[in-house]
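just to be clear, the model below is a prediction. Sequence and coordinates:
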Amino acid sequence: MALEFLKKFDFKKPKELIGVDIGTTSIKMCVLKSSKEGFAVECIDSKSFDENLLSDGCIINGAFLADELRGMVSRNNIRTREAACALSSYSVISKKVAMPFLREEEIESSINVEVESVIPFPLKDIYYSYYVIGVAEDKQDMMEVQIVAAKKEIIDGYIATFNMAGLNLQLVDVDIFCLTNLIETVYAPKESSVVVTDIGASVTNIAIIKEDRIEFTREILVGGQYLTNQIEKSTTLTHKEAEAKKLSGDGEVSYLFEDFIYNISSEISKTINFYTSTKTRERIDKVYLTGGASLLPGLKATIEDNTKVDVEYIDPFLCVHEDFDKLETYEGFRGSIAVALYLSSRAVDVIGL
């Protein structure tokens with residue numbers, strides 16, 4: 001499912017894209033180089049912050065963020081100035097609609113009516129994108145179309161920030177769509193549905209996919225930052241020290257880890273139970289995990305115990321053709337770079353396009 005909010009603009013196709021994943025408290029950056037053998041990693045970097053970068057999907061301080069982006073590009077000697085980023089799924093509205101079978105040009109002329117019927121904002125206040133999924137499951141004489149919309153103020157803020165950083169924002173995707181496209185391409189699940197779970201700083205995104213269809217999505221407004229704050233409140237540590245204790249899995253606050261892990265695992269289990277109860281013929285064969293907080297000790301095993309489903313970490317490096325020794329140097333990014341890596345791959349029609 002290829003969705004980007006800037007596809008209507010006439011941008012030239014770049015040879016390389018800087019994939020930028022801006023989270024609540026971090027920036028992840030990746031540049032892939034395409035060759036005959038496939039993708040190779042040109043650079044991967046990340047930076048974390050004590051203060052929030054986003055609020056309700058909007059960039060809080062564009063000048064500050066632009067300066068940080070510029071610094072990361074310079075530090076990694078990145079030559080291209082073409083970039084791609086992703087919005088958090090909680091800052092967009094996604095709806096499926098059934099439409100009569102139409103040619104592409106006919107969809108373009110009639111999609112506004114569908115958008116107005118399912119998106120609760122005036123057309124003048126939003127950017128939208130759409131994707132034809134295929135034949136509607138319950139209406140075989142209709143096609144199913146995914147519509148995704150975001151407020152202009154959010155996307156315009158990203159465009160302005162990247163411009164200040166000296167970067168040309170070529171496309172804006174959605175983080176959970178990046179991950180589901182990555183799963184479809186790398187793991188190609190066919191016989192059953194799978195769950196994709198991205199545990200970020202402030203939000204946990206869950207999607208259930210079957211082949212190339214996103215069947216269900218859900219956002220839980222709890223992420224790794226919540227655990228950091230709980231550790232900070234329960235100790236005399238600073239926020240930075242509490243974050244370090246979270247990442248180390250310190251046993252001194254094990255009860256806080258247990259509560260957090262139980263809550264995340266419980267929400268994933270509830271999502272699976274709801275889905276399988278509404279689609280009784282479907283089964284879930286795998287839960288794929290990613291995101292910084294997904295690496296907490298005990299989380300994977302707890303999810304497996306609660307859901308009775310195999311759990312696997314997303315390995316974004318399966319997309320690249322690279323020497324083992326070089327990938328070893330990027331090992332610390334394996335659990336958090338998936339979105340940025342996928343975004344960089346959008347420079348060519350290989351993954352998810």
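Noted; the coordinates are in hand. Numbering: from 1, shown residues only.

hey, which helix is longest across the protein?
Using DSSP state H, we find that the single longest helix of the chain is helix 254-278.

list the buried residues in that one.
For helix 254-278, the neighbour count (16 or more other C-beta atoms under 10 Å) marks 256-257, 260-261, 264-265, 267-269, 271-272, 275 as buried. To be clear about C-beta, it is placed using only N, CA and C from the backbone, and glycine gets the same treatment.

and the helix or strand harbouring residue 233, which residues are buried?
Taking DSSP states H and E as the criterion, residue 233 maps to helix 224-234. By neighbour count on 16+ other C-beta under 10 Å, the buried set for helix 224-234 is 224-228, 230-232.

re earlier: elements contacting the longest helix of the chain?
strand 193-199, strand 204-210, strand 213-220, helix 224-234, strand 284-290, helix 299-307 (3 or more C-beta pairs under 8 Å, 6 or more residues apart in numbering; DSSP states H and E).

what's the fourth one in contact with?
Same thing as helix 224-234. Applying C-beta atoms under 8 Å, 6 or more residues apart in numbering, the contact partners of helix 224-234 are 24-25, 199-202, 237-239, 242-243, 245-246, 253, 256-257, 259-260, 291-293, 296.

are any of these buried, and which?
24-25, 199-202, 237, 242-243, 245-246, 253, 256-257, 260, 291-293, 296.

distance of the residue nearest the centre of the chain from residue 90?
The centre of the chain sits closest to residue 175, judged by C-alpha atoms, centre = their mean, with a distance of 2.1 Å. Distance of residue 175 to residue 90, computed by C-beta to C-beta, to the nearest Å: 10 Å.

what of residue 209?
Counting by C-beta to C-beta, the gap from residue 209 to residue 90 is 18 Å.

these two: which has the busier surroundings?
For the pair residue 209 and residue 90, the greater number of neighbours falls to residue 209 (23 against 17), based on other C-beta atoms under 10 Å.

what about residue 293, which SS state?
Counting by DSSP: H, G, I helix; E, B strand; the rest coil, the backbone at residue 293 sits in helix.

can you check residue 202 too?
coil.

quick one: contacts for it?
Counted by C-beta under 8 Å, 6+ apart, residue 202 has contacts 23-25, 52, 221-223, 225-226.

re the thing from before, who touches both of residue 175 and residue 90?
The contact lists of residue 175 and residue 90 share residue 205, where a contact means C-beta under 8 Å, 6+ apart.

buried sites along the helix or strand where residue 154 lies?
Take DSSP H and E as the rule and residue 154 turns out to sit in helix 152-164. Applying a neighbour-count criterion of 16+ other C-beta under 10 Å, one finds 154-155, 157-159, 161-162 buried in helix 152-164.

let me know the closest of these to residue 133.
residue 155 (23.2 Å; C-beta to C-beta).

just to revisit the earlier point, what pLDDT, on average, does the helix or strand just after the helix holding residue 233 get?
Once helix 224-234 ends, the next helix or strand along the chain (criterion: DSSP H and E) is helix 239-248. Helix 239-248 shows a mean pLDDT of 80.

other SSEs contacting helix 239-248?
Short answer (3+ C-beta pairs under 8 Å, 6+ apart): helix 239-248 packs on helix 224-234.

thinking again about what came up before, reformat the buried residues of helix 254-278 as CSV; add pLDDT and distance to residue 119.
Conversion of the buried residues of helix 254-278 to CSV gives the following (pLDDT from 0 to 100; distance: C-beta to C-beta, whole Å):
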residue, pLDDT, distance to residue 119
256, 87, 39
257, 87, 40
260, 92, 34
261, 93, 36
264, 96, 30
265, 96, 33
267, 96, 27
268, 97, 28
269, 97, 31
271, 96, 24
272, 96, 29
275, 94, 25
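
between those residues, which is closest to residue 102?
residue 275 (30.1 Å).

shaky segments in the stretch 251-353 of the chain?
Across the stretch 251-353 of the chain, the ranges flagged by pLDDT under 70 are 251, 348-353.

ok, 50 please
Applying pLDDT under 50 to the stretch 251-353 of the chain picks out residues 349-353.

and residue 114, what pLDDT?
pLDDT at residue 114 comes out at 92.
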